[in-house]
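> Sequence and predicted structure are below.
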Amino acid sequence: MLLNLMSRQRVAVWSLLCVPLLAPGCKKETRDPDTASSVKLSSDDPIGQEVVAQMDLTTDPCVDFYQYACGGWIANNPLPEDKPRWGRGFGELGDRNNEILREILDADTGRAGALYKACMDEPAIDAAGATPLAPYLAKIEALKVSDTEALFELVGELDASVGLGAFFDFGLSIDFEQPDLHISDLGQGGTGLPGPSFYLDEAKASRFLPAYEAHIARMLAFVDYGPEDAAAAAKRIVAFETELARLQKPPEQMRDPETVYHRWDRKGVEDRSKLPWAAYLAAVGAPELELINVSNPEFVEGLPAVIGAADAATIKDYLRFNLIRSTANLLSAEIVEANFQFAAALTGQQQLQPRWERCVGAVNSSVGDLLSQQFVERSFAGDSREIAVDMIERVEAAFEAGLPALAWMDDATREAAVGKIDKIENKIGYPEKWRSYEGLELSGAYFTDAVAARAWASAEQIAKVGQQVDEQEWRWPASIVNASYNPLQNVMNFPAGILQPPFFHRDHPKAMNFGAMGMVMGHELTHGFDDSGRKFDADGVMREWWAPEVADSFEVQTQCVVETYSALEVQPGVHVKGELTLGENIADFGGVKEAYIAYQAWVAEHGPEPELIDGLSNEQLFFVALAQSWCTVSTPEFDELLVSVDPHSPPKFRINVPASHFPGFWDAFSCSEGTPMHPEQVCSVW
């Protein structure tokens, strides 16, 4: 994850090498902004030529660095009609990875290949229409809603099979105070829109609820509702979901681990939320389950009244809609398209992704380890892993080296922070052991097999409750383009899928690898010390291991970050939510700084690299590579949607804000104070 933090103070002084404004005695040259755009860059190396091709050399890097680094890519890459957002890193790289997975699946004769072929059999899927839902619809029709035990038994059965998602969320978790133990989590859910504000904010509700209501009616038509009945049912469903939304907390409030940890366990849930939880737990395959965290107590306590106030027709309408909503992408093309139309209204996406791409994603989500072994052999060979390991160790050393310069931190907390760094485990490239998906049997019919895969995953997860956490297990397939930090295990995960160009390649100059992938590594590392991650100690236990005055000083530092990002507009009048994005913004700030110091340390040890591009120093290349992994185009609708629910800031701000608050960037591009990329007031946390 990526984040930002800032205060009204100057950036803290810390360095490994002689960098102007990071260490005394360094000379900084002043740059003439009138000549900034006259610089010509060239390279004889194909990698260098590709870097230059993405740039906009008419833009002054001290005015808008993101445009300077990415303007060429943006001009030459109009948004694809089948994407709401498209980037050089997460878009182009994701497509390249999917092409490799497609080749693997086309040749696979095992379960992964069989599931893919079933998904690609559009004639058979279209011929079936909505008929695969008939057995489930029959159970809903026969349900006596006044019998809440029967209702919860059916909801549990459908959760465990098709992933119904009605009324609430329930799934696997880890105990915040005993992080070697798997528990379950019962939390807010049951609504179809991205967040409670879409129901409760007057402006959003007037904009989105009519379209959502029409969407519900359209989907109910596929399960034999006539037009008038579908319209009436849709109104009832929207009203019911609005009541659920009133019990929900906004996403920024759900970020604080202390507010979402309440170990009620089974007795507490049954005593405080008078619903037949025993029937539900038995139906999901966990009749003896006792260990339950409640992430939103007000929601769970208020749920009985909301369900009890709804009439039988509303409950059945709601269950039918959730059934087709949760399975729509497994059904015929007309159902898939109808379901997509509402997503398009939310995101601005013009058309569906190609069938093969959706099928690759579905198979990878279901049985990803069956594909990832071959993906790793093709795409992460040689000494790639060793190079990545060396990089992350240098990034960790850079973080640790900066701690003594933090005036707001005392020695005891600083020492404990070093201990936490020392205990971090890095999972890089691929797992030590692969899942075999033992017991997953497939028939060749896509709906049946997709549901079987969901049921297998549900059973696997529920069986872990009460068991010790497997430290070797990966939660993602190795081919995914992502990275993570888990504070409960103090583990960072960098799959082979993201250790690819433009983020990383074994043959790339170190300036590029540290700029792009090093920033991601530093980002994830800093998550262990952001406003949420800092609340977990080196062993993953949630406890306050900071001195009170240090915690207070940290809040002062981070408030600068909150205010800086809250002032940014994504669209006219639509601002970034500084509180929601705080953790990711802190991580972005730290990621840039730690990666740069790590690169400087590498240079000090090995000597300067030859310059890849004439007219661009390696220090400048570091920042250009960083930015070019985030070059992105998107729809205005998607940008506005993400502001409401996404803890990450938009890509442009993830580059320009941390860079503009970092002395290493000012020095690399000779940005004078007062230019947009060197503001007078800057923020610093780590």
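Nice, thanks for sending it over.
> Name the residues of whatever helix or strand Phe375 lives in that are buried.
Element membership for Phe375, per DSSP states H and E: helix 355-379. Judged by neighbour count (16 or more other Cβ atoms under 10 Å), helix 355-379 contains these buried residues: 356-364, 366-372, 374-376, 379. (C-beta placed from N, C-alpha, C; glycine too.)
> go on, stretch 197-204?
Under 16+ other Cβ under 10 Å, the buried positions of stretch 197-204 are Ser197, Phe198, Tyr199, Lys204.
> For that stretch, list the C-alpha coordinates in PDB.
In PDB, the C-alpha atoms belonging to stretch 197-204 read as follows (Å, rounded to 0.1, in the frame of the first residue of the first chain):
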ATOM      1  CA  SER A 197     -22.000   7.400   1.400                       C
ATOM      2  CA  PHE A 198     -23.600   6.300  -1.900                       C
ATOM      3  CA  TYR A 199     -26.800   5.700   0.000                       C
ATOM      4  CA  LEU A 200     -26.600   8.400   2.700                       C
ATOM      5  CA  ASP A 201     -24.900  11.400   1.100                       C
ATOM      6  CA  GLU A 202     -27.700  13.400  -0.500                       C
ATOM      7  CA  ALA A 203     -25.800  14.400  -3.600                       C
ATOM      8  CA  LYS A 204     -24.400  10.900  -4.300                       C
END
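> Other residues contacting the helix holding Phe375?
95, 97-98, 100-102, 104-105, 108, 110-112, 115-116, 119-120, 122, 329, 352, 429-431, 434-437, 440, 450, 453-454, 457, 476-480, 496-497, 500 (Cβ atoms under 8 Å, 6 or more residues apart in numbering).
> Please apply the same query to stretch 393-411.
Contacts with stretch 393-411, where a contact means Cβ under 8 Å, 6+ apart, come from 12-14, 16, 414, 417-418, 421, 424, 518, 521-522, 525-526, 547, 549-550, 553-554, 556-557, 590, 593-595, 597-598, 601-602, 686.
> Could you pull up the mean pLDDT of that stretch?
Per-residue pLDDT over stretch 393-411 has a mean of 96.
> and if you look at stretch 244-263?
97.
> For the residue nearest to Leu181 when sequence neighbours are not counted, give me the backbone phi and psi.
Leaving aside its sequence neighbours, Leu181 sits nearest to Asp175 (Cβ to Cβ, 6 or more residues apart in numbering; 4.6 Å). Here is the backbone geometry of Asp175 (degrees, to the nearest 10): phi -70, psi 130.
> can I assume Asp175 is in contact with Arg263?
Yes: taking Cβ atoms under 8 Å as the definition, Asp175 is a contact partner of Arg263 at 7.3 Å.
> in terms of contact, does Val562 touch Gly578 like I think?
Yes: using Cβ under 8 Å, Val562 is in contact with Gly578, at 3.7 Å.
> which residues does Thr609 contact?
For residue 609 the amino acid is Glu, not Thr. Per Cβ under 8 Å, 6+ apart, neighbours of Glu609: Pro509, Lys510, Ala511, Val603, Asn618.
> shaky segments in the stretch 101-250 of the chain?
Judged by pLDDT under 70, the stretch 101-250 of the chain has no weakly predicted residues.
> can you pull out the helices in the stretch 101-250 of the chain?
For the stretch 101-250 of the chain, the helices defined by DSSP state H, counting those that start in this stretch occupy 111-120, 122-128, 134-142, 148-162, 197-200, 202-220, 227-247.
> Can you add distance to Glu50 and give these back as CSV?
Shown next, in CSV, are these (distance: least, Cβ to Cβ, whole Å):
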stretch, distance to Glu50
helix 111-120, 32
helix 122-128, 37
helix 134-142, 51
helix 148-162, 45
helix 197-200, 41
helix 202-220, 41
helix 227-247, 47
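> From Pro132, how far off is Asp531?
Distance from Asp531 to Pro132, counting by Cβ to Cβ, to the nearest Å: 45 Å.
> Neighbour count for those two, which is higher?
Between Asp531 and Pro132, counted using other Cβ atoms under 10 Å, the more crowded position is Asp531 (23 against 20).
> Read off the pLDDT value for that one.
Reported pLDDT for Asp531: 96.
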